[in-house]
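Visitor: Structure, please.
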Amino acid sequence: MPRAMWAGAIGFGLVSVPVRLVPAVEEHGLRLHQVHDKDRGRIRQERVCEVCGEVVPYEHLAKAFESDEKKAVLTDEDLADLPLPSKKLIDVLAFVDSEEIDSIQLDRPYLLAPASAAANKAYVLLRETLKQTDRVAVTKITISTRESLALLRVHDDLLAVHTMVWPGEVRDPAGLAPPESVTVRPQEIEMAASLMERMSADFDLESLSDAYRSALEDLVMSKIQDRPAPTATQSSAAPSNVVDLMAALQASIDRADSDSTATSSQSKTGTKKTPATKAAKAPAKKTTKASGGRGAAKKTATKKRRTG
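Guide: From the prediction side, this is the model:
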């Protein structure tokens, strides 16, 4: 059982669901240290005070904000005492259809577990209602003294919460998209859709792995065992220029068909099946941005029926 990093409750209306928050992601990368390349001596980052020149231990570190040559020093106690109502409460602002949330605002995922056996009934009630109505909850949560907008949704048999960036933190996309004068023909869209279908056939997300981590582990072991470092077997560079879009689409379709045929032959002969192609990212549904406050969250859901 992973250790809870936060304990509180989900609150919607007069219903309270005591929960424990645990990280939803486990990082498996290798932890590398900084060393001196000449003698392999460890390099450590020391926190040296500019005034007294002493190394400052973590317990004496504070945060500060400077303005007009004035400095406001904030201690951990100051930050812990901030009057935030969401400190121990995942405060539900509104229930909205899942399609209304723009995924670009999603940040870090966490899993929510019932805090006790007494919380199971209310927990299951909220989970099943969200699942059957295909809704998510726009909420607020405070983690490590910082309040965040958050999204509460169902993940398998659990409730999950995603911290979100505030609407004002999403970069204005003006000027980034191609000009409206650039168009594509219906035939090109049809061929691209056909290629997407082929690239999605028999795709198994669970079979994918972190190639960088594997290569890094091999490199580390080669250094430890004093053997030659592994070399790259093939290049994965993307084409630098597309002259004929239709020709490139047709060539891609032909290659996908060839890979699919080869994979099918391997499967019949008992060879372990592997994905024939890389994942094709599903086209995103048209959405509206999630709102960042109680009043704004209500506006987000004006076209939808609300529950509480």
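
Visitor: going forward, measure contacts and count neighbours with C-alpha atoms only.
Guide: Fine.

Visitor: so how far is residue 198 from residue 257?
Guide: Here residue 257 is placed at a distance of 7 Å from residue 198 (Cα to Cα, to the nearest Å).

Visitor: what's the answer for residue 90, then?
Guide: The value you get for residue 90 to residue 198, if Cα to Cα is used, is 43 Å.

Visitor: The two: who's more crowded?
Guide: residue 90 (27 against 22; other Cα atoms under 10 Å).

Visitor: Pretty sure the more buried one sits in a strand.
Guide: Yes. Counting by DSSP: H, G, I helix; E, B strand; the rest coil, residue 90 is part of a strand.

Visitor: What residue in the protein is the furthest from its centre?
Guide: residue 52 (41.9 Å; Cα atoms, centre = their mean).

Visitor: so what pLDDT did that residue get?
Guide: For residue 52, the pLDDT comes out at 92.

Visitor: got a list of what it touches?
Guide: By Cα atoms under 8 Å, 6 or more residues apart in numbering, the contact set of residue 52 is empty.

Visitor: Just the element for it, please.
Guide: Assessed by DSSP states H and E, residue 52 sits outside every helix and strand.

Visitor: which phi and psi does it have?
Guide: phi -100, psi -10 (degrees, to the nearest 10).

Visitor: Could you check how far it is from residue 118?
Guide: 54 Å.

Visitor: How is the chain divided into domains?
Guide: 6-27+81-170+289-300, 184-203+247-284 (automatic domain parsing).

Visitor: which stretch in the ones you listed is the model least sure about?
Guide: domain 184-203+247-284 - the lowest mean pLDDT of these, at a mean of 71.

Visitor: Going by residue numbers, what spans are strands in this protein?
Guide: All strands of the chain, identified by DSSP state E, fall at 6-12, 15-23, 63-67, 70-74, 89-97, 106-114, 135-143, 146-155, 158-164.

Visitor: For the first one, which helices and strands make contact with it?
Guide: Right, the one you point to is strand 6-12. strand 15-23, strand 89-97 (3 or more Cα pairs under 8 Å, 6 or more residues apart in numbering; DSSP states H and E).

Visitor: what's the first one packed up against?
Guide: The elements that strand 15-23 packs onto, with contact taken as 3+ Cα pairs under 8 Å, 6+ apart, are strand 6-12, strand 106-114, helix 120-133.

Visitor: what about the ones you listed, which gets the closest to residue 215?
Guide: Taking Cα to Cα, strand 106-114 is the member of the helices and strands packed on strand 15-23 nearest to residue 215, at 26.2 Å.

Visitor: Of the helices and strands packed on strand 6-12, which stretch is the most buried?
Guide: strand 89-97 (a mean of 24; mean count of other Cα atoms under 10 Å).

Visitor: In its sheet, which strands sit next to that strand, and in what direction?
Guide: strand 6-12 (parallel), strand 135-143 (antiparallel) (DSSP bridges).

Visitor: any idea which of these is most buried?
Guide: strand 135-143 (a mean of 24).

Visitor: Need the residues that contact it.
Guide: Contacts of strand 135-143 (Cα under 8 Å, 6+ apart): 6, 84, 86-98, 130, 147-154, 163, 290, 297.

Visitor: again, only using 6 Å
Guide: 86-87, 90-98, 147-153 (Cα atoms under 6 Å, 6 or more residues apart in numbering).

Visitor: likewise stretch 66-77?
Guide: Counting by Cα under 6 Å, 6+ apart, 62-65 sit against stretch 66-77.

Visitor: and of those, the nearest to residue 12?
Guide: Nearest member of the contacts of stretch 66-77 to residue 12, counting by Cα to Cα, is residue 63, at 34.3 Å.

Visitor: rewinding a little: want to try JSON lines for the domains of the chain, with distance to residue 73 as columns?
Guide: Output for these, formatted as JSON lines (distance: least, Cα to Cα, whole Å):
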{"stretch": "domain 6-27+81-170+289-300", "distance to residue 73": "14"}
{"stretch": "domain 184-203+247-284", "distance to residue 73": "44"}
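
Visitor: and the ones you listed, which is most packed in?
Guide: It is domain 6-27+81-170+289-300: most buried of the domains of the chain by mean count of other Cα under 10 Å, with a mean of 18.

Visitor: how far does that domain sit from the chain's center?
Guide: Offset of domain 6-27+81-170+289-300 from its chain centre (Cα atoms, centre = their mean, to the nearest Å): 15 Å.

Visitor: How far does the helix ranked longest in the chain sit from its chain's centre?
Guide: Scanning the chain for the helix with the most residues, using DSSP state H, yields helix 245-268. Chain-centre distance of helix 245-268: 31 Å, with Cα atoms, centre = their mean.

Visitor: Equivalent analysis for stretch 222-235, please.
Guide: 32 Å.

Visitor: Nothing else from me, thank you.
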